[in-house]
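Student: Could you work out the structure for the sequence below:
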Amino acid sequence: VPPFANARSQHDLEQDLDRIFANWYQLRADDETPYELAIISMKLGKLDKAVVYFQHSLRALPEDKRNPAVYVNMAACLKSLDRIDEALDAANKAVALAPKWDPALKMLQKLLMCKNVINIAFIGNGAWLREEAGLLFSADRRVCIKAIFAFQMEDAKSMCAHVVKYSNKRSKDGSESSHTYTEDSLALYHGATGLSELLKRDDIHACVVDLNCRVQASLLPKLWAANKHVLT
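Tutor: All right, here's what the predicted structure looks like:
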């Protein structure tokens, strides 16, 4: 499998999987064959096909006999395909079968975060926010960047340009993301008036702050007073 298989051998392997699945109905209708095909398809990056195999594996058994691992793996594929509602359904079924199984609980938690997106604001224009946190948060489907604040509008525009650049790069690379950021999608604030306006926004749940230590120390109580979660 990738990264060790070349394009030709991968194509041959995919055809072999199709043949095995086509012949599966002539064999004993067990749940293990389509499950193993699904796992191999996941490793090949063929997530749509993996979901189909997982579904056949589930149909081979009554509901109370099904393996929760099938649901968890299927939920992971569906999450990557941005089919969050279907993934949530699979994760809930895994938890119903194994209420204390950690992988099922963690998968459900991740999916709930994807479903209930956390809206955040960037405050500042420091190197950590520009080069590290900005890149990570702009790529995370569990959060959505709504606003950017800096004391000078030029700095807010500079941070906005970084976020848009990261978003455009992921689009060109074909990377998975649920949010596309543009200059029009990000609200920019600056100065004392801008900070007050930002903190009045009920739709922003958390602030990611990168400022001078002394300035940051005086700002944090204002963020907490506005019921904002803070990451520094």
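Student: these two touch, right, Leu78 and Ala50?
Tutor: No. Leu78 is beyond contact range of Ala50, at 9.6 Å (criterion: C-beta atoms under 8 Å). C-beta here means a position set from N, CA and C on the backbone, and glycine is covered the same way.
Student: Quick check: phi and psi at the residue nearest the centre of the chain.
Tutor: Relative to the mean C-alpha position of the chain, the nearest C-alpha, by C-alpha atoms, centre = their mean, is the one of Arg141, at 3.9 Å. Per-residue torsions, Arg141: phi -70, psi -10 (degrees, to the nearest 10).
Student: What are the boundaries of the strands in the chain?
Tutor: For the chain, the strands defined by DSSP state E cover 118-124, 143-150, 187-190, 206-210, 229-231.
Student: what would these look like in CSV with mean pLDDT, mean neighbour count and distance to Ala161?
Tutor: What follows is those, written out as CSV (pLDDT from 0 to 100; neighbours: other C-beta atoms under 10 Å; distance: least, C-beta to C-beta, whole Å):
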stretch, mean pLDDT, mean neighbour count, distance to Ala161
strand 118-124, 95, 22, 12
strand 143-150, 94, 23, 10
strand 187-190, 96, 18, 11
strand 206-210, 95, 21, 16
strand 229-231, 94, 13, 22
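Student: In JSON lines, list these along with distance to Gln15.
Tutor: As requested, these are exported to JSON lines (distance: least, C-beta to C-beta, whole Å):
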{"stretch": "strand 118-124", "distance to Gln15": "43"}
{"stretch": "strand 143-150", "distance to Gln15": "41"}
{"stretch": "strand 187-190", "distance to Gln15": "51"}
{"stretch": "strand 206-210", "distance to Gln15": "47"}
{"stretch": "strand 229-231", "distance to Gln15": "48"}
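Student: export the least confident helix or strand in the chain by mean pLDDT as CSV, just CAs?
Tutor: Using mean pLDDT, DSSP states H and E, helix 7-24 stands out as the lowest-scoring helix or strand of the chain, at a mean of 71. C-alpha atoms of helix 7-24 as CSV (Å, rounded to 0.1, in the frame of the first residue of the first chain):
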residue,chain,number,x,y,z
ALA,A,7,0.5,3.5,-9.3
ARG,A,8,0.3,0.3,-11.4
SER,A,9,0.5,-2.1,-8.4
GLN,A,10,-2.0,0.0,-6.6
HIS,A,11,-4.4,-0.1,-9.5
ASP,A,12,-4.0,-3.9,-9.7
LEU,A,13,-4.7,-4.2,-6.0
GLU,A,14,-7.9,-2.2,-6.4
GLN,A,15,-9.0,-4.5,-9.2
ASP,A,16,-8.2,-7.6,-7.0
LEU,A,17,-10.3,-6.1,-4.2
ASP,A,18,-13.2,-5.6,-6.6
ARG,A,19,-13.0,-9.3,-7.7
ILE,A,20,-12.8,-10.5,-4.2
PHE,A,21,-15.9,-8.5,-3.3
ALA,A,22,-17.8,-9.7,-6.4
ASN,A,23,-17.1,-13.3,-5.5
TRP,A,24,-17.8,-12.8,-1.8
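Student: Mind listing what's buried along the longest helix along the chain?
Tutor: The helix that spans the most residues within the chain, counting by DSSP state H, is helix 153-173. Buried residues in helix 153-173, counting neighbours by 16 or more other C-beta atoms under 10 Å, are found at Asp155, Ala156, Lys157, Met159, Cys160, His162, Val163, Val164, Tyr166, Ser167, Arg170.
Student: Great, nothing more from me.
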